[in-house]
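In: Build me a structure from this.
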Amino acid sequence: MADSGRKNLVWDIRKSLLALSGEELYQLTKTVGPVSGKEQSELEEGDQEGCFEYINASMYTSLKVNRQTVTCLLNLSLSQAVRG
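Out: Got it, this is the predicted structure:
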């Protein structure tokens with residue numbers, strides 16, 4: 001996936017995340033795994049902002065690890081989870 005395609009996918013996911021409830025975002029935090037510098041255990045079900053930031057940080061952390069493989073897999077997984 002080209003850089004612009006990846007950026008578009010991340011942006012589409014972020015827009016979709018903004019439409020989710022705190023409960024839905026909280027459920028998604030359980031699917032993305034650990035994020036450096038953030039504690040999943042500190043998140044609460046109604047904390048929309050905290051859950052959004054956690055998921056967003058996960059997407060951008062993945063970009064640093066292995067831009068091509070990990071990010072695509074994570075973003076596709078999140079995209080599927082957001083769309084149900």
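
In: Return, as residue ranges, the portions of this protein with sub-threshold pLDDT.
Out: 1-3, 61-74, 84 (pLDDT under 70).

In: Please, where are all the helices along it?
Out: Counting by DSSP state H, the segments of the chain that form helices are 3-18, 22-29, 48-65, 69-83.

In: just so I know, which of those helices lies nearest residue 35?
Out: Set against residue 35 and scored by Cβ to Cβ, the helices of the chain come closest in helix 48-65, at 4.8 Å. C-betas here are computed from N, CA, C, even on glycine.

In: elements contacting that closest one?
Out: Counting contacts by 3 or more Cβ pairs under 8 Å, 6 or more residues apart in numbering; DSSP states H and E, helix 48-65 packs against helix 3-18, helix 22-29, helix 69-83.

In: Can you show me the CA trace of the first one as PDB?
Out: Think helix 3-18. Backbone C-alpha positions of helix 3-18 (Å, rounded to 0.1, in the frame of the first residue of the first chain) are rendered in PDB as follows:
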ATOM      1  CA  ASP A   3       2.000   6.000   1.600                       C
ATOM      2  CA  SER A   4      -0.900   8.100   0.500                       C
ATOM      3  CA  GLY A   5      -3.200   5.000   0.600                       C
ATOM      4  CA  ARG A   6      -2.100   4.200   4.100                       C
ATOM      5  CA  LYS A   7      -2.700   7.800   5.200                       C
ATOM      6  CA  ASN A   8      -6.100   7.800   3.600                       C
ATOM      7  CA  LEU A   9      -7.000   4.500   5.400                       C
ATOM      8  CA  VAL A  10      -5.800   5.900   8.800                       C
ATOM      9  CA  TRP A  11      -7.800   9.100   8.200                       C
ATOM     10  CA  ASP A  12     -10.900   7.000   7.300                       C
ATOM     11  CA  ILE A  13     -10.500   4.900  10.500                       C
ATOM     12  CA  ARG A  14     -10.000   8.000  12.600                       C
ATOM     13  CA  LYS A  15     -13.200   9.600  11.200                       C
ATOM     14  CA  SER A  16     -15.100   6.300  11.900                       C
ATOM     15  CA  LEU A  17     -13.700   6.200  15.400                       C
ATOM     16  CA  LEU A  18     -15.100   9.600  16.200                       C
END
